[in-house]
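S.K.: Attaching a predicted model along with its sequence, questions to come.
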Amino acid sequence: MAVAGDPMQDCAAAAVADWLVAEGVTIEPPVETTQITSGQSNLTYVMSDGAGRRFILRRPPTGQLLNTAHSMDREWRFLAALHGTEVPVPLPVALCGDDTVLGAPFYVMEYVDGIVMHTADDARALPEPARSDVTAGVAASLRRLHGVDVVARGLADIGRGEDYVARQLRRWNGQWEKIRSLTDLDVPAIDQGHRALSSRIPQQERVAIVHGDFRLGNVIAGPDGAIRAVLDWELATLGDPRADLGWLLLSWEEPGRPRVTNPTGVAPSTLPGFGTRSELVAAYLAEGEPDDAADIDYFIGFAAWRWACISAGVYSRYQANVMGGRTSDQRAILQAIIDHAEYALALVASRSAT
């Protein structure tokens, strides 16, 4: 089954299947593909073969606008390096850098069954008693990721690591400038937030793997609450681990009025059984030091500003119709971009006043 405008038509799926067989992967025709429509960046498909085996295929969006994103080999390196560690990731199956097979690079990994919680509706499939285990498991998975020895896993050369926040501010501000030149977007709070965040960067104490998009919507949980896999490594690099914690806390809403609008729906963490943000931080720090969460309001603000920049890129791709046939409420995305940028400003201003 293919989404309208989707590049994975039957002939493309057959070409991928033939390539996998040539790579020594056991796969039997017929092969069917179904696009997973929850993602907003790289395109993701479930591939099912005639024997009932399932795989996941990831490829860049069609006609991508920003050349620095959507690197398949980068995602692959993290998956391959982390497989076999305490960080749960899907088994990497094969990487293809030959554009002639599918029209773009792609990789294939194992299909991991379970619950992916983008919204509260998704999370309702998880029994309430298991939600506290998800809270603890998410915190433990993030802590274990930040404890991985990057040299031992062959990742020391994948990023600079030091001066992470300043580099990220430059990178995403540069992306924002490109997006603004390609679209009609005008969000003054993004520019103001960049200036405020750049002038108040906390000192970085250590270097670790930074996932870049660590949240409930990028993990697979079993019905018992165990974390079975961490997904979506396209933004991973080396840097300040507090950036991951800030990003997770930004997405972790509590019951009541949300801090920022969410175009994808009500946050899963608002359901009964999930821990609070304070409990999440405490679980993360259970195997670490209090300084591992130092200046966390700054990092939540940094996460909100970065979210605004990334979502501006998503908005621009929807405007350019390069999202594999998917549609979305662009007005809701725009409002969320503004809300996140303004929330970032408020957090940084509050921090500077104390």
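M.R.: Good, I have the coordinates.
S.K.: Give me the below-cutoff pLDDT ranges for this structure.
M.R.: Per-residue confidence for the chain (pLDDT under 70) gives these ranges: 1-10, 37-41, 62-70, 320-328, 351-354.
S.K.: Now do the SS call for the residue nearest the centre of the chain.
M.R.: To find the centre residue of the chain, average its C-alpha atoms and take the closest one (Cα atoms, centre = their mean): that gives Asp213, at 3.2 Å. Secondary structure of Asp213, reduced to three states by DSSP: H, G, I helix; E, B strand; the rest coil: coil.
S.K.: Number the residues from 41 up from this point.
M.R.: New numbering, starting at 41: the last item is Asp253.
S.K.: How about the contacts made by it?
M.R.: Contacts for Asp253 (Cβ atoms under 8 Å, 6 or more residues apart in numbering) come out as Asp272, Glu274, Leu275, Trp287. (C-beta placed from N, C-alpha, C; glycine too.)
S.K.: any idea how far it is from Ile67?
M.R.: Distance, Asp253 to Ile67, by Cβ to Cβ, to the nearest Å: 29 Å.
S.K.: now swap in Leu288 and tell me
M.R.: Look at Leu288 and Ile67: by Cβ to Cβ, they are 36 Å apart.
S.K.: Which of the two has more residues huddled nearby?
M.R.: More neighbours sit around Leu288 than around the other of Leu288 and Ile67, counting by other Cβ atoms under 10 Å; the figures are 26 against 21.
S.K.: For that one, give me phi and psi.
M.R.: Main-chain dihedrals, Leu288, degrees, to the nearest 10: phi -60, psi -40.
S.K.: What of Thr73?
M.R.: Per degrees, to the nearest 10, the backbone of Thr73 is at phi -120, psi 140.
S.K.: so it bridges to which residues?
M.R.: In this entry, Thr73 is beta-bridged to Met87, by DSSP bridges.
S.K.: how about the CA coordinates for stretch 179-192, as PDB?
M.R.: Taking only C-alpha atoms (Å, rounded to 0.1, in the frame of the first residue of the first chain), the coordinates of stretch 179-192 have been written out as PDB:
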ATOM      1  CA  ALA A 179      15.200   7.900  31.700                       C
ATOM      2  CA  ALA A 180      17.500   4.800  32.000                       C
ATOM      3  CA  SER A 181      17.900   4.500  28.200                       C
ATOM      4  CA  LEU A 182      18.900   8.100  27.900                       C
ATOM      5  CA  ARG A 183      21.300   7.800  30.800                       C
ATOM      6  CA  ARG A 184      22.900   4.600  29.200                       C
ATOM      7  CA  LEU A 185      23.200   6.400  25.900                       C
ATOM      8  CA  HIS A 186      25.100   9.200  27.500                       C
ATOM      9  CA  GLY A 187      27.400   6.700  29.200                       C
ATOM     10  CA  VAL A 188      28.400   4.900  26.000                       C
ATOM     11  CA  ASP A 189      32.200   5.000  25.300                       C
ATOM     12  CA  VAL A 190      32.300   6.700  21.900                       C
ATOM     13  CA  VAL A 191      35.900   5.700  21.300                       C
ATOM     14  CA  ALA A 192      35.200   2.000  22.000                       C
END
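S.K.: mind checking which helix or strand the residue lying closest to Ala333 once chain neighbours are set aside is in?
M.R.: Among residues not flanking Ala333 along the chain, Val321 sits closest, at 5.4 Å (Cβ to Cβ, 6 or more residues apart in numbering). Of the helices and strands defined by DSSP states H and E, Val321 is found in helix 317-325.
S.K.: Kindly indicate which of the contacts of Asp253 lies nearest Cys136.
M.R.: Of all the contacts of Asp253, Cys136 sits closest to Glu274, with 16.2 Å by Cβ to Cβ.
S.K.: Check the gap between that closest one and Ala91 for me.
M.R.: Spatial separation of Glu274 from Ala91 under the definition Cβ to Cβ is 30 Å.
S.K.: Kindly report the same for Thr66.
M.R.: The spacing between Thr66 and Ala91, counted by Cβ to Cβ, is 8 Å.
S.K.: try Ala53
M.R.: For Ala53, the distance to Ala91 (Cβ to Cβ) stands at 15 Å.
S.K.: domains for this structure, by residue range?
M.R.: Structural domains annotated on the chain: 50-150, 160-393, as defined by automatic domain parsing.
S.K.: re earlier: would you agree the residue nearest to Ala333 is in contact with Leu288?
M.R.: No - counting by Cβ atoms under 8 Å, Val321 sits too far from Leu288 to count as a contact (9.4 Å).
S.K.: What segments of this structure are helices?
M.R.: Listed in chain order, the helices of the chain (DSSP state H) span 50-62, 112-122, 139-142, 160-163, 168-186, 204-222, 228-238, 282-291, 317-325, 336-360, 370-393.
S.K.: TSV please, covering the ones you listed and showing distance to Ala248.
M.R.: Conversion of the helices of the chain to TSV gives the following (distance: least, Cβ to Cβ, whole Å):
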stretch	distance to Ala248
helix 50-62	34
helix 112-122	13
helix 139-142	33
helix 160-163	28
helix 168-186	4
helix 204-222	10
helix 228-238	20
helix 282-291	8
helix 317-325	13
helix 336-360	13
helix 370-393	23
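S.K.: wait, which of those is closest to Gly262?
M.R.: When the helices of the chain are compared by Cβ to Cβ, helix 168-186 sits nearest Gly262, at 8.2 Å.
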